[in-house]
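Asks: my questions are about this predicted structure, shown below with the sequence.
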Amino acid sequence: MSATLTGCDTPLAEAYDVALLDLDGVCYRGAERIPHAAEAVAAARGAGMRMSFVTNNAARPPSTVAEQLRSLDIPAEEAEVVTSAQAAAGILAAELPPGSAVLAVGGPGLRAALEAAGLRAVTSAEDEPVAVAQGFARDVGWEQLSEATYAIRAGARYVATNLDATLPTERGFAVGNGSLVAAVRNATGVEPVSAGKPQAGIFDHATERSGARRPLVVGDRLDTDIAGARAAGLPSLHVLTGVNDARDVLLAAPEERPSYLSTDLRGLHEPHPVPEPVADGWWQCAGAAARVHDEGGDRRLQLREEDGVRDLDPTGTARLTEDAWRAAAAAAWAVADEGAPLDPSACPPIEILPAR
Ligand SMILES: [Mg+2]
């Protein structure tokens, strides 16, 4: 697989009809605001783009998620929130007759999603469920995990909302749904179907529910948001307000490469120039060009701008414009696709210069 950046001559908010937005790291950071997020979402709506807030979190019901967004001045309706619990329920509802008994291992958000999808949420393997749906809740313990194990060993199919190994908390990383799923997998030998990112299911569900014709995924994590977008065959915008930084993008595997790059959600309101290969290994993006230059086995990233050519010192911090960053990503991905990836030690931390 190879994958590189896409160009867009008009602002993304005009070229795409629905933004499938990740929450933490894109719309907010924990309880904090992200600069420009509220204004950019409001302006995107003004430009005719609709919003779908897509979260792997299966514990919180959509109404709670929408309330949190509104408390940070991001306009959001309950109906615009898509959780991995809803996506898991959607997968089961497509396979099972209405009213089928499903063992719900998780919180109220999961039970509500199953009932809303026309299924019957039960709590014991003795109810003879035909499927098990497992999502995170703080009180999931031995009893619920064992009910799931009885049911799966008796032949129930197994769907997980998501497989996130950890859950970020104020005190650090705690046990996430994927780690609780691992206990059931260990006891049954059965691998669940997962609905959440990086699987395509949650984006398929969000696309269908929003009626999007040209959806655009927006995320801050390459291994979940962007990988999920690739898996679903959707274009994606990566922003730098969350987990993965500008350097991570240059080192991304093909299946985790975004279509568009921006420092933050203001990127929805801009056209995106596309890097194109020119002579001598250079990739040109608007006024900037970049290449991976081999000098006697010493491979370095080089930048060419109006004021000449410079090597990016791997021991310093590279300060790049957004266009230079796009060119550098295309150059680094191209050599990786040719089987000679840039050594991470040759890639410095990158700081994006404010253009606006
Ligand atoms: Mg995120």
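Replies: Alright, I've got the coordinates.
Asks: can you list the domains in the chain?
Replies: 12-56+199-269, 85-194, 276-352 (automatic domain parsing).
Asks: residue 66 is nearest to which of the ones you listed?
Replies: Nearest of those to residue 66, taken as C-beta to C-beta: domain 12-56+199-269 at 7.6 Å. Just so you know, the C-beta spots here come from the backbone N, C-alpha and C atoms, and that holds for glycine as well.
Asks: that closest one and the ion, are they touching?
Replies: Yes - Domain 12-56+199-269 reaches the ion (C-beta under 5 Å from the ion) through 22, 24, 25, 220, 242.
Asks: which of the domains of the chain is buried the deepest?
Replies: Ranked by mean neighbour count, those are led by domain 12-56+199-269 with a mean of 21 (mean count of other C-beta atoms under 10 Å).
Asks: the strands in the stretch 101-250 of the chain, which residues?
Replies: Per DSSP state E, counting those that start in this stretch, the stretch 101-250 of the chain carries strands over the ranges 101-105, 120-122, 131-134, 157-160, 166-169, 172-175, 193-194, 215-219, 236-239.
Asks: max-length helix in this structure?
Replies: With secondary structure taken from DSSP state H, the chain has its longest helix at helix 322-337.
Asks: then it to CSV, C-alphas only?
Replies: Taking C-alpha atoms only, helix 322-337 is exported to CSV below (Å, rounded to 0.1, in the frame of the first residue of the first chain):
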residue,chain,number,x,y,z
GLU,A,322,2.7,24.1,6.8
ASP,A,323,3.6,23.8,3.1
ALA,A,324,7.2,22.8,3.9
TRP,A,325,5.8,20.2,6.3
ARG,A,326,3.5,18.9,3.6
ALA,A,327,6.5,18.7,1.2
ALA,A,328,8.6,17.0,3.8
ALA,A,329,5.9,14.4,4.5
ALA,A,330,5.5,13.6,0.8
ALA,A,331,9.3,13.2,0.5
ALA,A,332,9.7,11.0,3.5
TRP,A,333,6.7,8.8,2.5
ALA,A,334,8.1,8.5,-1.0
VAL,A,335,11.5,7.1,0.1
ALA,A,336,9.7,4.8,2.5
ASP,A,337,7.5,3.4,-0.3
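Asks: mean confidence for it?
Replies: Summarised as a single mean, pLDDT over helix 322-337 is 97.
Asks: can you start the count at 312 instead of 1 from here on
Replies: Yep, numbering from 312; the last one is helix 633-648 now.
Asks: check which helices and strands that helix sits against.
Replies: Taking 3 or more C-beta pairs under 8 Å, 6 or more residues apart in numbering; DSSP states H and E as contact, the helices and strands that helix 633-648 lies on are helix 557-561, strand 571-573, strand 594-596, strand 599-606, strand 609-616, strand 661-663.
Asks: which phi and psi does the nearest residue in space to residue 624 that is not next to it in sequence have?
Replies: Spatial nearest neighbour of residue 624, excluding adjacent residues (C-beta to C-beta, 6 or more residues apart in numbering): residue 659 at 6.3 Å. Note on residue 659: backbone dihedrals following degrees, to the nearest 10 are phi -80, psi 160.
Asks: contact residues of the stretch 312-461 of the chain facing the ion?
Replies: Near the ion, when you scan the stretch 312-461 of the chain using C-beta under 5 Å from the ion, you find 333, 335, 336.
Asks: the last one and residue 652: what is the separation?
Replies: Note on residue 336: its distance to residue 652, by C-beta to C-beta, to the nearest Å, is 26 Å.
Asks: got it, and the first one?
Replies: For residue 333, the distance to residue 652 (C-beta to C-beta) stands at 27 Å.
Asks: over to residue 582?
Replies: Relative to residue 652, residue 582 is positioned 30 Å away (C-beta to C-beta).
Asks: check contacts around residue 420.
Replies: Residue 420 makes contacts with 369, 370, 371, 372, 373, 394, 396, 446, as judged by C-beta atoms under 8 Å, 6 or more residues apart in numbering.
Asks: so for it, what's the nearest residue that isn't a sequence neighbour?
Replies: Excluding the flanking residues, the one nearest residue 420 by C-beta to C-beta, 6+ apart is residue 372, at 4.5 Å.
Asks: contacting residues for the one you found?
Replies: Residues in contact with residue 372 (C-beta under 8 Å, 6+ apart) are 394, 419, 420, 423.
Asks: for this structure, give me the ranges with low pLDDT.
Replies: Along the chain, the parts satisfying pLDDT under 70 run over 312-313, 667.
Asks: try it again at 80.
Replies: 312-313, 479-481, 666-667 (pLDDT under 80).
Asks: so how far is residue 331 from the residue most central in space within it?
Replies: Centrality entry for the chain: nearest residue to the mean C-alpha point is residue 536, 1.1 Å, by C-alpha atoms, centre = their mean. With distances taken as C-beta to C-beta, residue 536 is found 9 Å from residue 331.
Asks: any common contacting residues for the two?
Replies: Residues touching both residue 536 and residue 331 (C-beta under 8 Å, 6+ apart) are 528, 529.
Asks: I'd guess residue 363 is in a helix, am I close?
Replies: No - using DSSP: H, G, I helix; E, B strand; the rest coil, the assignment for residue 363 is strand, not a helix.
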